[in-house]
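S.K.: I would like to see how this sequence folds:
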Amino acid sequence: MPFSRPAPRRPVPPARAQAAGPVAVVVVTWNSAAVIPEFLASLPEGMAGTDWRLVVADNDSADDTVDVVRSLAPEATVVQTGRNAGYAAGVNAALAAAAGWEGGFRAALVSNPDVRMRRGCAKVLVDAFDAAVPGGGRVGISVPLLYEEDGRTLLYSLRRESRVTRALGEAVLGNRRAGRFPRWSELVTDPSAYGRATVADWATGALMAVSRECLAACGPWDESFFLYSEETEFCLRARDRGFATRLEPSASATHLGGDSQVSPRLWTLLTLNRVRLYERRHGAAATAAFRAAVLLRETSRAVLGRPASLAAARALASPSALRATPGP
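M.R.: You can find the predicted model right below:
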């Protein structure tokens with residue numbers, strides 16, 4: 001993969017009145033018939049106080065996801081990609097459809113179908129685009145507090161940019177313990193960071209609002225990441241262009257979660273994409289060190305009996321793994 005340094009930060013125009021048009025609620029589905037009805041039912045409360053429209057990009061579901069959406073939300077714009085195109089490709093297809101609405105849209109709310117927003121969540125996130133950012137720039141991406149399915153357990157959703165020292169810290173100390181120290185972990189576990197408005201390098205992409213100005217400056221999401229790291233790449237690209245990612249603790253949602261923690265295939269894809277993204281932003285020597293640190297982490301967990309880490313470690317040890325095209 002060719003070496004390319006991050007683009008220099010570009011000056012961002014001063015804050016101005018928010019763009020006109022509705023908030024585009026962007027949802028990418030793939031065999032989501034079991035979770036999409038409750039998501040649709042929760043939208044009026046979560047979007048309270050905003051003008052909004054729903055656009056669903058379906059990645060060739062084999063179940064009746066599309067029929068369910070059309071039945072329960074007949075006013076929604078439905079885009080059928082015709083293939084399992086990946087998450088970023090689904091987001092881009094939905095955004096392109098929303099751009100064709102008369103008057104366009106003022107902001108995009110990108111959400112997984114297994115997210116349940118609490119009342120007024122979206123309005124808080126969209127209003128955050130007017131907030132000041134320490135050191136300059138503007139808020140281009142805003143995220144809420146996320147809770148596990150029980151509605152009480154906070155998910156650590158804020159992240160620091162990847163570094164070799166952080167990968168080593170996670171390998172030796174584990175994510176939770178290393179997360180208390182900014183030098184030693186990508187994961188932000190400091191409780192105070194979740195109790196106030198906090199700017200982070202990136203945040204997990206289960207639910208995020210993106211301003212129209214940020215989308216215009218950054219362009220499409222990177223479809224070369226089939227799944228995982230696409231939100232990381234987009235947040236870092238936005239930061240390079242002067243748009244911050246900010247947590248708004250007065251907005252919250254429940255995330256029912258996924259199976260990346262238990263599926264060897266998905267965990268391997270997540271792990272390889274971390275290294276692929278790091279390689280794009282750093283030189284060969286730094287990437288080799290980062291890959292070795294991630295391999296150490298996965299190997300240590302494989303020794304403890306974690307099948308997903310064993311699969312990831314085997315892939316990382318393969319010279320061809322990082323060159324393979326990510327896909328289903």
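S.K.: Tell me the buried residues in the top helix by length along the chain?
M.R.: In the chain, with assignment by DSSP state H, the single longest helix is helix 284-303. In terms of neighbour count (16 or more other CB atoms under 10 Å), helix 284-303 has its buried residues at 287, 289-291, 293-302. Every C-beta, even on glycine, is put in place using the N, C-alpha and C of the backbone.
S.K.: Rebuild the residues you listed as CSV, extending it with distance to residue 114 and pLDDT.
M.R.: Formatted as CSV, these follow (distance: CB to CB, whole Å; pLDDT from 0 to 100):
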residue, distance to residue 114, pLDDT
287, 33, 96
289, 36, 97
290, 31, 97
291, 31, 96
293, 31, 96
294, 27, 96
295, 31, 96
296, 32, 95
297, 27, 94
298, 26, 95
299, 31, 96
300, 30, 93
301, 25, 91
302, 28, 94
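S.K.: Going by distance to residue 147, which of the residues you listed wins?
M.R.: residue 301 (25.5 Å; CB to CB).
S.K.: gap between that closest one and residue 271?
M.R.: Distance from residue 301 to residue 271, counting by CB to CB, to the nearest Å: 11 Å.
S.K.: Quick one: the helices in the chain, in order.
M.R.: Here the chain has its helices, by DSSP H, at 36-46, 65-72, 87-99, 121-127, 164-173, 175-178, 212-218, 230-240, 264-281, 284-303, 307-316.
S.K.: contacts for the last one?
M.R.: For helix 307-316, the external contacting residues (CB atoms under 8 Å, 6 or more residues apart in numbering) are 261-268, 270-272, 275, 291, 294-295, 297-299, 301-302, 321.
S.K.: Tell me where the model's unsure across the stretch 151-300 of the chain.
M.R.: Within the stretch 151-300 of the chain, the stretches with pLDDT under 70 are 258-262.
S.K.: Apply 80 and report the result again.
M.R.: Residues of the stretch 151-300 of the chain that meet the criterion pLDDT under 80 lie in 257-262.
S.K.: Among the buried residues of helix 284-303, which one sits closest to residue 150?
M.R.: Once CB to CB is applied, the member of those that ends up nearest residue 150 is residue 301, at 25.1 Å.
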